[in-house]
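Participant: need a structure here:
(2 chains)
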Number of protein chains: 2
Amino acid sequence: MFESINKNVCKNNDFTEKEMEFFNEILQHKKVPKKTFLLQEGEICHFEAYILKGCIRKYYINEHGLEVVLAFATEDWWVSDIASFHENKPSQLYIETLEDCELLVLTTETKEQLLREVPKFERIFRLLVQRNLSAMQNRLIDTIAKTAQEKYLEFLKLYPTLSQRVAQHHIASYLGITAEFLSKVRTKLAKQ
Amino acid sequence: MFESINKNVCKNNDFTEKEMEFFNEILQHKKVPKKTFLLQEGEICHFEAYILKGCIRKYYINEHGLEVVLAFATEDWWVSDIASFHENKPSQLYIETLEDCELLVLTTETKEQLLREVPKFERIFRLLVQRNLSAMQNRLIDTIAKTAQEKYLEFLKLYPTLSQRVAQHHIASYLGITAEFLSKVRTKLAKQ
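Facilitator: The predicted structure follows:
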């Protein structure tokens, strides 16, 4: 169960066997059915979850009542609302499973416990947040600057397994276009 | 010279005097005149700079040749292209001083040296990146979801000193509207 997280989290780091055991012991293994909310707007996010299996979307509802998908997350990604988690403030976001999921969960308490007991994990989480920040910056630039077709190609690169797993209207919402327009983009790309 | 950075970086942390001295010794003090590029598109970003004095903008040029301001940074903020800095890849961004600036600079090498010598700084930088990530997430949501007036009010909250210091067309570019429209928003707000 811990093979993929240990490989992903601890590569290039010199953790002892005991430290890894401690890390694995505090992770909570959770099975969550599809279409379940892990977080809803107004709640405080108390988790960072590593996805062993399944797919999750993170979205918010805009002032017209429309869902806007900020990000997807799938196997070997972490999912959380980092702003809410770390500042202990109500989230603006919804986090919902799109498939049956298996997760390894850190809570506010267990994460602090981990960092206290094994401070070397500070580095792991710093690098994780940095990658997250890079991705978010790219997403922001793409949102402002790119065409629908360019954004769809970026989506395929970032989430190579998702175009067949996720409903088209969720992908359209991520790209900021209608499902009809996404369909046209896909047809055009298929012809090229 | 180190008073504000030490207060900001090290609050709530139990650094020894020797550790703080080490930190201050490796910071490079730089004076940079206004309208100077710290980074240009295609270059690799080799710095994280703490701003002692002055104001900086971070922008990219979109496919129509227009500048789009991603963020401003001013006294007591850090500025860098974290994606380029940490993945050692060419930046998509420009970072330019808008005023004469005084900076305290960490390079790729000195930052690694600091983290090696005083691993407690991992936590400091993790918290910094997390705040940065929260801000970026809010910026992304605002960009997609909010009206020009709402975005301008968010801008005033985030950068309380900048509305008088920065050219209106830079603020308009940050908000994704024209300078003419920004002027209308300001007039409307002044009347309320």
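
Participant: Going by C-alpha atoms from here, please, whenever you check contacts or count neighbours.
Facilitator: Fine.

Participant: quick one: A:Ile95 is in a strand?
Facilitator: Yes - assessed by DSSP: H, G, I helix; E, B strand; the rest coil, A:Ile95 belongs to a strand.

Participant: Now do it against chain B, distance only.
Facilitator: Using C-alpha to the nearest C-alpha, to the nearest Å, A:Ile95 is found at 14 Å from chain B.

Participant: Okay, and the beta partners of that residue?
Facilitator: Residues in a beta bridge with A:Ile95, per DSSP bridges, are A:Leu39, A:Lys58.

Participant: what about it, neighbour count?
Facilitator: Around A:Ile95 there are 25 other residues, counting by other C-alpha atoms under 10 Å in any protein chain shown.

Participant: what do you get for A:Thr147?
Facilitator: Under the neighbour criterion other C-alpha under 10 Å, A:Thr147 is assigned a count of 12.

Participant: State the phi and psi torsions of A:Lys53.
Facilitator: Dihedral pair for A:Lys53: phi -160, psi 140, per degrees, to the nearest 10.

Participant: Which pLDDT value goes with it?
Facilitator: Looking at A:Lys53, its pLDDT reads 96.

Participant: what does the one 10 residues further on give?
Facilitator: Reported pLDDT at A:Glu63 in the predicted model: 74.

Participant: Over to A:Arg186?
Facilitator: A:Arg186 carries a pLDDT score of 93 in this model.

Participant: any idea how far it lies from A:Glu180?
Facilitator: Distance of A:Arg186 to A:Glu180, computed by C-alpha to C-alpha, to the nearest Å: 10 Å.

Participant: Contacts for the longest helix belonging to chain A, please.
Facilitator: As assigned by DSSP state H, the longest helix anywhere in chain A is helix A:121-145. Contacts with helix A:121-145, where a contact means C-alpha atoms under 8 Å, 6 or more residues apart in numbering or on different chains, come from A:9-10, A:114-115, A:151, A:175-176, B:62-63, B:82-83, B:86, B:122-123, B:125-127, B:129-130, B:132-133, B:136-137, B:140.

Participant: what's the angle between the very next helix or strand once past it and helix A:121-145?
Facilitator: The C-terminal neighbour of helix A:121-145 among helices and strands, as given by DSSP states H and E, is helix A:148-158. Our comparison of helix A:148-158 with helix A:121-145, counting by axes from the mean of the first three to the mean of the last three C-alpha atoms, to 10 degrees, yields an angle of 160 degrees.

Participant: What are the buried residues along helix A:148-158?
Facilitator: A:Ala148, A:Gln149, A:Lys151, A:Tyr152, A:Glu154, A:Phe155 (16 or more other C-alpha atoms under 10 Å in any protein chain shown).

Participant: Point out where chain A drops to low pLDDT.
Facilitator: Within chain A, the set of residues satisfying pLDDT under 70 comprises A:12, A:144-145.

Participant: how about a cut-off of 50?
Facilitator: Per-residue confidence for chain A (pLDDT under 50) gives no ranges below the cut-off.

Participant: near chain B, which residues of it show up?
Facilitator: If contacts are counted using C-alpha under 8 Å from any C-alpha of the partner chain, the residues of chain A sitting beside chain B are A:62-63, A:82-83, A:86, A:120, A:122-123, A:125-127, A:129-134, A:136-137, A:140, A:145-146.

Participant: mind running it again at 7 Å?
Facilitator: Proximity of chain A to chain B is assessed by C-alpha under 7 Å from any C-alpha of the partner chain, with A:62-63, A:82-83, A:122-123, A:125-126, A:129-130, A:133-134, A:140, A:145 identified as the residues in range.

Participant: Might you report the residue contacts of A:Val79?
Facilitator: For A:Val79, the set of contacting residues under the criterion of C-alpha atoms under 7 Å, 6 or more residues apart in numbering or on different chains consists of A:Glu48, A:Ala49, A:Tyr50, A:Ala73.

Participant: What about those residues, which are in strands?
Facilitator: When DSSP state E is applied, those are split such that A:Glu48, A:Ala49, A:Tyr50, A:Ala73 fall in strands.

Participant: Quick one: those residues as TSV, columns for neighbour count too.
Facilitator: Converted to TSV, the ones in strands among the contacts of A:Val79 look like this (neighbours: other C-alpha atoms under 10 Å in any protein chain shown):
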residue	neighbour count
A:Glu48	19
A:Ala49	22
A:Tyr50	23
A:Ala73	21
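
Participant: TSV for these, including distance to A:Asn24?
Facilitator: Rendered in TSV, the data for the ones in strands among the contacts of A:Val79 read as follows (distance: C-alpha to C-alpha, whole Å):
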residue	distance to A:Asn24
A:Glu48	14
A:Ala49	13
A:Tyr50	12
A:Ala73	21
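
Participant: any chance of the buried residues of helix A:148-158 in TSV, with distance to A:Thr107 too?
Facilitator: What follows is those, written out as TSV (distance: C-alpha to C-alpha, whole Å):
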residue	distance to A:Thr107
A:Ala148	37
A:Gln149	38
A:Lys151	34
A:Tyr152	34
A:Glu154	32
A:Phe155	30
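
Participant: still on that earlier bit, show me which pair in the contacts of A:Val79 is furthest apart.
Facilitator: Taking C-alpha to C-alpha, the two most distant members of those are A:Glu48 and A:Ala73; they sit 12.1 Å apart.

Participant: Many thanks, I have nothing further to ask.
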